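Novice: I need the structure of the sequence given here:
(one chain, ligands or ions: 1)
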Amino acid sequence: MAAPADRRETILILGGTAEAAAIARRLVDAGADVVTSLAGRTSNPAPLPGRIRTGGFGGAEGLARYIVENRIARVIDATHPFANRISQNARLACAAAGISLERPERPAWEKQPGDNWIEVKSLGDAAAALPAGARVFLALGRQHLAVFESRPDCHFVVRMVDPPEKPLGLAGYDLILGKPSVNPEEEADLFRAHRVTHLVCRNSGGDAGYGKIAAARKMGLPVVMIRRAT
Ligand SMILES: NC(=O)c1ccc[n+]([C@@H]2O[C@H](COP(=O)([O-])OP(=O)(O)OC[C@H]3O[C@@H](n4cnc5c(N)ncnc54)[C@H](OP(=O)(O)O)[C@@H]3O)[C@@H](O)[C@H]2O)c1
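Specialist: Down below sits the predicted model:
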């Protein structure tokens, strides 16, 4: 006999990515009770199927409490591959609550013929790898820009979904409001318009951010690629 609708298992998706939205869609279409958790970094996130909750849980303990109080049966960690803190919290909280945790794999991008990658292990190493006078597209979240303030000899191009609350600390920069395009031609047009000579990004993997990588390859631009932590 099917369980009554209000006794369905609740699945918590830790989201903020295109993959998380696709998983929510698949599970909701299959009749599951799904709540997607967003960190709340963007002011106007795209609509999602199922329920949404927003904001931090208060560390692993807060997440464990949320799991128990909301009778969560499964957690799917579909956060960004570089969102290490929430993933670690999810591991600890699920272990404490005794429930299963799934972590869908998002493979890193592999270097292709024609790619000119300078692979580094940290943001600091990325800042140090830039030559003086470079015009650098920083494909990084706003919380990762401060380290580039040490390079007033470079000009930066920064793209954000929401405008910053105060001017950035970078000595010289162009600000673009918008999202990455999956279309390499559009990314290449943007790079040309801003006379970009270098791209800095993290090896996030996935399709949503790959347009810029393919554009850099076509244009022969060096990419300072920050590796994932192993
Ligand atoms: N890192 C990226 O480049 C990137 C790119 C695209 C999307 N995102 C998305 O943006 C969010 C934040 O990324 P981050 O790199 O700042 O993460 P993070 O460093 O791993 O997390 C920092 C804190 O933010 C809160 N948090 C993060 N993700 C959350 C979620 N899905 N729901 C509720 N709270 C969350 C947690 O606060 P508490 O400890 O208080 O729970 C966590 O300790 C993630 O959901 C991620 O999927 C990140």
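
Novice: residues touching the closest residue to Arg51 other than its chain neighbours, list them.
Specialist: Excluding its sequence neighbours, the residue lying closest to Arg51 (CB to CB, 6 or more residues apart in numbering) is Val35, at 4.3 Å. From N, CA and C alone the C-beta is placed, and that goes for glycine too. Residues near Val35 by CB atoms under 8 Å, 6 or more residues apart in numbering: 10-13, 50-53, 70, 72.

Novice: Between all of these, which two are separated the most?
Specialist: Greatest spatial distance among these (CB to CB): Ile52 and Ile72, at 14.6 Å.

Novice: Settle it for me: which of these two has more neighbours?
Specialist: Legend: neighbour count by other CB atoms under 10 Å for Ile52 and Ile72, higher for Ile72 (21 against 16).

Novice: can you pull the contacts of the more buried one?
Specialist: So Ile72 contacts 10-12, 35, 66, 97, 99 (CB under 8 Å, 6+ apart).

Novice: most surrounded residue in those?
Specialist: Leu12 leads these on contacts (other CB under 10 Å) with 26 neighbours.

Novice: measure that residue to the ligand for me?
Specialist: 9 Å (CB to the nearest ligand atom, to the nearest Å).

Novice: Which segments of the protein make up each domain?
Specialist: 8-102, 116-226 (automatic domain parsing).

Novice: So is the last one next to the ligand?
Specialist: When you say that, I think you mean domain 116-226. Yes: Domain 116-226 is in contact with the ligand by CB under 6 Å from any ligand atom, via Gly141.

Novice: next one: that domain to chain centre, how far?
Specialist: 14 Å (CA atoms, centre = their mean, to the nearest Å).

Novice: now the shortest one
Specialist: Average the C-alpha atoms of domain 8-102, do the same for its chain, and the two points are 15 Å apart (CA atoms, centre = their mean).

Novice: Check the separation of the first and last residues in it.
Specialist: 19 Å (CA to CA, to the nearest Å).

Novice: Could I get the contacting residues of Asp77?
Specialist: 14, 86-87, 90, 101-104.

Novice: For it, list each beta-bridge partner.
Specialist: Using DSSP bridges, the bridge partners assigned to Asp77 are Leu14.

Novice: Filter the contacts of Val35 down to the ones in strands?
Specialist: Those of the contacts of Val35 mapping onto strands are 10-13, 51-53, 72, per DSSP state E.

Novice: mind putting those residues in CSV, distance to Ile23 and pLDDT included?
Specialist: Output for the ones in strands among the contacts of Val35, formatted as CSV (distance: CB to CB, whole Å; pLDDT from 0 to 100):
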residue, distance to Ile23, pLDDT
Thr10, 14, 97
Ile11, 9, 98
Leu12, 11, 98
Ile13, 6, 98
Arg51, 14, 97
Ile52, 14, 97
Arg53, 16, 97
Ile72, 15, 97
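
Novice: Of these, just say which sits nearest to Lys111.
Specialist: Ile13 (31.1 Å).

Novice: sorry, back to before: so which of the contacts of Asp77 reach the ligand?
Specialist: 14, 86.

Novice: Please pick the buried ones from the contacts of Asp77.
Specialist: Neighbour counting with 16 or more other CB atoms under 10 Å marks 14, 86-87, 90, 101 as buried within the contacts of Asp77.

Novice: now, which of these lie within strands?
Specialist: Those of the buried ones among the contacts of Asp77 lying in strands (DSSP E): 14, 101.
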